[in-house]
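Engineer: After the sequence you'll find the predicted model.
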Amino acid sequence: MNTHATQTLDARGMNCPLPILRTKKALSGLNTGETLAITSTDPGSIKDMQAFCKQTGNELVSSDANQGEFVFLVRKA
(Lines give C-alpha, C1' and ligand atoms only; values in the text may rest on other atoms or scores of the structure.)
Protein backbone atom coordinates (compact mmCIF):
# COMPACT_ATOMS: atom_id res chain seq x y z
CA MET A 1 0.00 0.00 0.00
CA ASN A 2 2.76 2.46 0.91
CA THR A 3 4.31 2.08 -2.53
CA HIS A 4 1.68 4.44 -3.97
CA ALA A 5 2.04 7.12 -1.31
CA THR A 6 3.58 10.43 -2.31
CA GLN A 7 5.08 10.73 1.17
CA THR A 8 5.28 8.64 4.33
CA LEU A 9 5.04 9.65 7.97
CA ASP A 10 6.32 7.51 10.85
CA ALA A 11 4.27 8.43 13.92
CA ARG A 12 5.07 5.24 15.86
CA GLY A 13 5.56 5.79 19.58
CA MET A 14 3.68 9.10 19.52
CA ASN A 15 0.48 9.60 21.47
CA CYS A 16 -2.52 11.80 20.70
CA PRO A 17 -2.49 14.48 19.44
CA LEU A 18 1.00 14.18 17.92
CA PRO A 19 0.12 11.77 15.06
CA ILE A 20 -2.64 14.12 13.89
CA LEU A 21 -0.50 17.24 14.27
CA ARG A 22 2.31 15.62 12.27
CA THR A 23 -0.20 14.45 9.66
CA LYS A 24 -1.58 17.98 9.29
CA LYS A 25 1.92 19.40 8.89
CA ALA A 26 2.95 16.75 6.34
CA LEU A 27 -0.22 17.24 4.29
CA SER A 28 0.40 20.99 4.13
CA GLY A 29 3.48 20.25 2.04
CA LEU A 30 1.61 18.11 -0.47
CA ASN A 31 -0.36 19.12 -3.55
CA THR A 32 -4.05 18.32 -4.02
CA GLY A 33 -4.51 14.64 -4.91
CA GLU A 34 -1.18 13.51 -3.48
CA THR A 35 -1.20 10.90 -0.74
CA LEU A 36 0.37 10.47 2.67
CA ALA A 37 0.90 7.09 4.35
CA ILE A 38 0.94 7.35 8.15
CA THR A 39 2.09 4.58 10.49
CA SER A 40 1.04 4.91 14.13
CA THR A 41 1.06 2.75 17.26
CA ASP A 42 -1.59 4.81 19.10
CA PRO A 43 -4.92 2.88 19.07
CA GLY A 44 -6.71 6.23 19.41
CA SER A 45 -5.36 7.28 16.04
CA ILE A 46 -8.07 5.22 14.29
CA LYS A 47 -10.89 7.48 15.47
CA ASP A 48 -8.63 10.54 15.41
CA MET A 49 -7.70 10.02 11.74
CA GLN A 50 -11.35 9.48 10.73
CA ALA A 51 -12.38 12.67 12.55
CA PHE A 52 -9.41 14.63 11.18
CA CYS A 53 -10.25 13.69 7.58
CA LYS A 54 -13.94 14.47 8.07
CA GLN A 55 -13.15 17.90 9.55
CA THR A 56 -10.51 18.85 6.98
CA GLY A 57 -12.14 17.36 3.87
CA ASN A 58 -9.16 15.12 3.11
CA GLU A 59 -9.94 11.56 2.01
CA LEU A 60 -9.11 8.59 4.23
CA VAL A 61 -8.32 6.16 1.42
CA SER A 62 -7.53 3.21 3.68
CA SER A 63 -7.03 2.25 7.29
CA ASP A 64 -5.31 -1.00 8.30
CA ALA A 65 -4.26 -2.53 11.60
CA ASN A 66 -1.42 -5.05 11.82
CA GLN A 67 0.19 -6.30 15.04
CA GLY A 68 -0.28 -3.10 17.01
CA GLU A 69 0.56 -0.79 14.12
CA PHE A 70 -2.04 1.26 12.32
CA VAL A 71 -1.44 2.36 8.74
CA PHE A 72 -3.51 5.08 7.11
CA LEU A 73 -3.48 6.41 3.57
CA VAL A 74 -4.80 9.95 3.26
CA ARG A 75 -5.35 11.83 -0.01
CA LYS A 76 -5.06 15.61 0.19
CA ALA A 77 -8.20 17.47 -0.83
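Structural biologist: That came in fine, so what should we check first? Residues are numbered from 1 along each chain as shown.
Engineer: the strands in the chain, which residues?
Structural biologist: Chain-ordered strands for the chain, with DSSP state E as the definition, fall at 7-11, 35-40, 59-66, 69-75.
Engineer: Look up how far Leu30 lies from Gln50.
Structural biologist: Distance of Gln50 to Leu30, given as Cβ to Cβ, to the nearest Å: 19 Å. Every C-beta, even on glycine, is put in place using the N, C-alpha and C of the backbone.
Engineer: ok, those two, which is more surrounded?
Structural biologist: Taking Gln50 and Leu30 together and counting by other Cβ atoms under 10 Å, Leu30 has the greater number of neighbours (17 against 13).
Engineer: and the more buried one, what is it in contact with?
Structural biologist: Thr6, Gln7, Leu36, Lys76 (Cβ atoms under 8 Å, 6 or more residues apart in numbering).
Engineer: Pull the contacting residues for the most far-flung residue of the chain relative to its centre.
Structural biologist: Residue distances from the centre of the chain (Cα atoms, centre = their mean) peak at Gln67, which lies 17.4 Å from the mean C-alpha position. When contacts are counted by Cβ under 8 Å, 6+ apart, Gln67 is found next to no other residue.
Engineer: quick one on the thing from earlier: separate out the buried members of the contacts of Leu30.
Structural biologist: With burial judged by 16 or more other Cβ atoms under 10 Å, the buried subset of the contacts of Leu30 is Leu36, Lys76.
Engineer: Quickly list what Thr8 is bridged to.
Structural biologist: Ala37 (DSSP bridges).
Engineer: ok, it touching Glu34?
Structural biologist: No: under the contact definition of Cβ atoms under 8 Å, Thr8 does not touch Glu34, with a separation of 12.0 Å.
Engineer: Thanks a lot, see you next time.
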